[in-house]
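**Q** can't give you the sequence, but here's the structure:
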């Protein structure tokens with residue numbers, strides 16, 4: 001293989017029941033995929049925030065599910081959490097003790113966003129550079 005060729009991205013996807021215990025399972029699954037990666041802890045923290053939101057603030061919480069998709073490619077970790085939609089509340093203002101999960105994601109990720117809607121389901125995603133932000 002030529003030196004300029006890069007390895008194909010490593011990808012993983014799994015659907016979890018939307019319960020608080022499954023947030024831990026999602027985080028552990030991502031940690032196994034990223035074992036030894038320098039930004040694994042930042043990615044796991046961001047995933048934990050998004051999965052918690054899906055399990056507690058979306059329609060998924062009423063016996064539904066959320067799906068995590070992760071991809072590791074040269075220099076980037078991309079993680080998506082898809083829920084079953086429902087009402088969305090913007091991040092809390094600074095100083096508020098709750099609703100800071102998306103602020104954490106924004107501070108650790110190089111980029112993040114939300115697609116979908118309250119009816120068809122929502123995907124919140126983030127991308128983290130290959131090295132942790134410190």
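**A** Arrived safely. Here the structure is a predicted model, which means the values were calculated and not measured.
**Q** Show me where this protein dips below the pLDDT cut-off.
**A** Along the chain, the model assigns pLDDT under 70 to residues 1-8, 88-99, 131-134.
**Q** Run through who's touching the helix or strand where residue 72 lies.
**A** Taking DSSP states H and E as the criterion, residue 72 maps to strand 65-73. Strand 65-73 is contacted from outside by 6, 9-18, 22, 26, 29-30, 33-34, 37, 43, 47, 51, 54-55, 58, 60, 77-84, using CB atoms under 8 Å, 6 or more residues apart in numbering. Where C-beta positions appear, they are placed from N, C-alpha and C, glycine not excepted.
**Q** biggest helix in this structure, by residue count?
**A** Counting residues, the longest helix found in the chain (DSSP state H) is helix 40-57.
**Q** In terms of secondary structure, what does it contact?
**A** Applying 3 or more CB pairs under 8 Å, 6 or more residues apart in numbering; DSSP states H and E, one finds that helix 40-57 contacts helix 20-33, strand 65-73, strand 76-83, helix 101-108, strand 121-129.
**Q** For residue 114, find the nearest of those.
**A** Distance to residue 114, taken as CB to CB, is lowest for strand 121-129 among the helices and strands packed on helix 40-57, at 5.1 Å.
**Q** partner strands of that closest one, parallel or antiparallel?
**A** Sheet pairing of strand 121-129 (DSSP bridges) gives strand 76-83 (antiparallel), strand 111-117 (antiparallel).
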